[in-house]
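Asker: got a predicted structure here, sequence first:
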Amino acid sequence: MANTGSAPSEFPDAKADGLKLLHRICTRRSTPPRHLAAPGPSEDEIRMIVQAACRAPDHMGLKPFRFIVIPPDRRDALADAFEAAERELDPDIAGEKLERAREKASHAPMLLAVISRVQENMEVPEIEQRASAGAALGYVVLAADLLGYGAMAVSGRKVATKAMHRAFRLANNEGLLCFVGIGMPAKVKGPPPEPDPELLRTWQPDAGEAG
């Protein structure tokens, strides 16, 4: 029998549920960490978020990513790491700029560091592994949204500093991709703009390549 494209009869609500989920994905908005309030996700919810991240496309199951939770009682240490990173980038930094850098460590009730790790593999080039880590990051923020939280990935030049590398005890093949702040959004943005139609086009081969 020809496939009509409809949901199987034994799962009549599968497509409807999928469309609801797709709508949530298409309307997701990032919430800056400074606008995220308590409560943050529970330990069980954090494990669910990471489990969702592990469903990202991952050629040969290398898991070229991992995650580190920064609990509230270690934010002072994170502020010290932020300060060290900023001083590495700008030895003359002082005053208000330095205070703002330290203050960012206290934003959001839950912070998750996303670590990418490139492994030597003849079948999976570096670009694929980094793409997988990026996909895992996307799944993190989507999972947080589906649990009712706001979330946002933040990075900047400081994540690539030696100070941050030392603070998180990263291996030589690892890099700090970003931090993800998760919590209850104190401010809710409106719907996101429609995507640029030029982002999706149909491939047109050159005339000389047509068979």
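Answerer: Great, that's in hand.
Asker: so for stretch 177-188, what gets flagged as buried?
Answerer: For stretch 177-188, the neighbour count (16 or more other C-beta atoms under 10 Å) marks 177-185 as buried. Placement of C-beta: from N, CA and C, glycine included.
Asker: poorly predicted segments of this protein, please.
Answerer: Along the chain, segments meeting pLDDT under 70 span 1-12, 208-211.
Asker: list the helices and strands the helix ranked longest in it packs on?
Answerer: Ranked by residue count and defined by DSSP state H, the top helix of the chain is helix 126-146. On a contact count with 3 or more C-beta pairs under 8 Å, 6 or more residues apart in numbering; DSSP states H and E, helix 126-146 meets helix 14-26, helix 43-53, strand 65-70, strand 110-117, strand 150-154, strand 174-185.
Asker: rewinding a little: out of the buried residues of stretch 177-188, the closest to residue 16 would be?
Answerer: Ranked by distance to residue 16 (C-beta to C-beta), the buried residues of stretch 177-188 are led by residue 185 at 26.7 Å.
Asker: and for that closest one, nearest residue in space, chain neighbours not counted?
Answerer: Computed as C-beta to C-beta, 6 or more residues apart in numbering, the closest residue to residue 185 that is not its neighbour in sequence is residue 150, at 3.3 Å.
Asker: please name the residues that touch the spatially most central residue of the chain.
Answerer: Per C-alpha atoms, centre = their mean, the C-alpha nearest to the average position across the chain is that of residue 137, at 2.8 Å. Counting by C-beta atoms under 8 Å, 6 or more residues apart in numbering, residue 137 makes contact with 53, 65, 114, 153, 177-178, 180.
Asker: doesn't residue 62 make contact with residue 136?
Answerer: No. Using C-beta atoms under 8 Å, residue 136 is not in contact with residue 62, being 11.5 Å away.
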